[in-house]
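Colleague: Attaching a predicted model along with its sequence, questions to come.
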Amino acid sequence: MKKFEISVLDLAPVKQNKTIHDTFNDSLELARAVEKLDYKRFWLAEHHNISSIASSATSVLIGFIANGTEKIRVGSGGIMLPNHSSLVIAEQFGTLESLFPNRIDLGVGRAPGTDGLTAQALGRNPQNINQHFPKQIQELQKYFSIENAGSLVRAIPGEGCDIPIYILGSSTDSAWLAAEMGLPYAFAGHFAPQMMETAFEIYHQNYEPSKEFPTPYTIACVNGIAAETDEEAKKLSTTLYQAFVNLIRNDRKPYAPPVDDMDEIWNQMEKMHVQNMLKYSFVGSEETVKSQMKEFQRRFQVNEMMITSPIYEQEARINSYAIIRKAVDELNRVSSMA
């Protein structure tokens, strides 16, 4: 089994009976906790008009987290680039990199991160996204390059900044693009697992080495909910299940506390749909999660797993990441001895 890094994807989850101020403080507390546990990076994701997710102003929140931590890399997982001007994103992340040198990542995706009406309000043009998205990445690379100093349009801050760009995806389209551009590739297996294996195969088989990334680099984003026992972890996971049921029903309310019996909430069709979407979820005790991650890594051989843990109680959420850290350390230790 190939050794791998672990990181965190935080959606800044808004919970019932909590304020958004509470949400941001919880995210910072989590970032500080996983930094002590030597997680590699802490990413936040752009979403809009969703009552359960507070990371819409992603760049601002990245600054808040980076300012409250010391060494962990902080970044976007991702910025939905067609929602923005490439120049503005280059300036924002140039500012972040200037404030927090060698700690900022820029993950970019092409999805809206919201519904169609809100996407219109953001100024997206759905007609040209597939053509425009690669061009925007090239624009970012140009704005970050020192060679752009003679251009009439410059990103200041941003120019000359060493900000790695990661391409995010939930289908095969972005796999082709990441391979062609020689950039790292992160797949959203935490909600769209169906195409992950094919996407990684396309990426590896067609990778064109770049100066910054001479070899391919893959990140799999997965759900991880660990506790002292399998039973406790399964109950904690019902917060995640309820969130996906709400997604299916287009009911965007905040995250709910765990329940004893999901069958009182979902019907059989919803249950099948949710379980299919959450196929790559590691749920259980340390031993159970370790076994699940070992099997996953044997199959996918990723460089990094990015864990998202939508657990209602903050203490249990932090504890879940601590248990997962132990499981991964043991897997990597055994792998080193093999």
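Modeller: Ah, there it is.

Colleague: How much space separates Ser291 from Lys235?
Modeller: Ser291 sits at a distance of 20 Å from Lys235 (criterion: CB to CB, to the nearest Å). In short, each C-beta sits where N, CA and C put it, glycine included.

Colleague: So between those two, which is more surrounded?
Modeller: Lys235 (20 against 15; other CB atoms under 10 Å).

Colleague: Enumerate every residue touching the more buried one.
Modeller: By CB atoms under 8 Å, 6 or more residues apart in numbering, the contact list for Lys235 reads Pro258, Val259, Asp260.

Colleague: and the first one, how many neighbours?
Modeller: Put plainly, it is Pro258. The burial count for Pro258: 21, using other CB under 10 Å.

Colleague: what residue ranges in the chain score low on pLDDT?
Modeller: Scanning the chain for pLDDT under 70 picks out 112-114, 119, 124, 126-127, 338.

Colleague: distance from the centroid: which residue in it tops it?
Modeller: Gly150 (35.1 Å; CA atoms, centre = their mean).

Colleague: how near is that residue to Lys135?
Modeller: Gly150 is 21 Å from Lys135, by CB to CB.

Colleague: now do Gly77
Modeller: 22 Å.

Colleague: ok, these two, which is more surrounded?
Modeller: Each of Gly77 and Lys135 has its neighbours counted (other CB under 10 Å); Gly77 has more, 30 against 12.

Colleague: Each with direction, which strands does the helix or strand hosting that one pair with?
Modeller: Counting by DSSP states H and E, the element that carries Gly77 is strand 73-80. As defined by DSSP bridges, the strand partners of strand 73-80 come to strand 41-44 (parallel), strand 104-109 (parallel).

Colleague: Identify each of the helices in the stretch 1-150 of the chain and give its residue range.
Modeller: 20-36, 58-67, 86-99, 116-121, 129-144 (DSSP state H, counting those that start in this stretch).

Colleague: how about the ones you listed, which one is nearest Ser281?
Modeller: Checking those against Ser281 by CB to CB gives helix 20-36 as the closest, at 18.6 Å.

Colleague: So which elements touch that closest one?
Modeller: If contacts are counted by 3 or more CB pairs under 8 Å, 6 or more residues apart in numbering; DSSP states H and E, helix 20-36 sits against strand 5-10, strand 41-44, helix 58-67, helix 314-337.

Colleague: Of these, which is nearest Lys18?
Modeller: Per CB to CB, nearest to Lys18 of the helices and strands packed on helix 20-36: helix 314-337, 9.4 Å.

Colleague: Pull the closest one out as PDB, backbone CA atoms only.
Modeller: What follows is the C-alpha trace of helix 314-337 in PDB, where atoms were taken according to Å, rounded to 0.1, in the frame of the first residue of the first chain:
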ATOM      1  CA  GLN A 314     -17.600  20.100  18.000                       C
ATOM      2  CA  GLU A 315     -15.900  17.900  20.500                       C
ATOM      3  CA  ALA A 316     -16.900  14.700  18.700                       C
ATOM      4  CA  ARG A 317     -15.800  16.300  15.400                       C
ATOM      5  CA  ILE A 318     -12.300  17.100  16.700                       C
ATOM      6  CA  ASN A 319     -12.100  13.600  18.300                       C
ATOM      7  CA  SER A 320     -13.000  12.100  14.900                       C
ATOM      8  CA  TYR A 321     -10.000  13.700  13.200                       C
ATOM      9  CA  ALA A 322      -7.700  12.600  16.100                       C
ATOM     10  CA  ILE A 323      -8.800   9.000  15.700                       C
ATOM     11  CA  ILE A 324      -8.400   9.200  11.900                       C
ATOM     12  CA  ARG A 325      -4.900  10.500  12.400                       C
ATOM     13  CA  LYS A 326      -4.000   7.500  14.500                       C
ATOM     14  CA  ALA A 327      -5.400   5.100  12.000                       C
ATOM     15  CA  VAL A 328      -3.500   6.700   9.100                       C
ATOM     16  CA  ASP A 329      -0.200   6.800  11.100                       C
ATOM     17  CA  GLU A 330      -0.500   3.100  11.700                       C
ATOM     18  CA  LEU A 331      -1.300   2.400   8.100                       C
ATOM     19  CA  ASN A 332       1.700   4.400   6.900                       C
ATOM     20  CA  ARG A 333       4.000   2.800   9.600                       C
ATOM     21  CA  VAL A 334       3.100  -0.700   8.300                       C
ATOM     22  CA  SER A 335       3.500   0.500   4.700                       C
ATOM     23  CA  SER A 336       7.000   1.700   5.500                       C
ATOM     24  CA  MET A 337       8.000  -1.700   6.900                       C
END
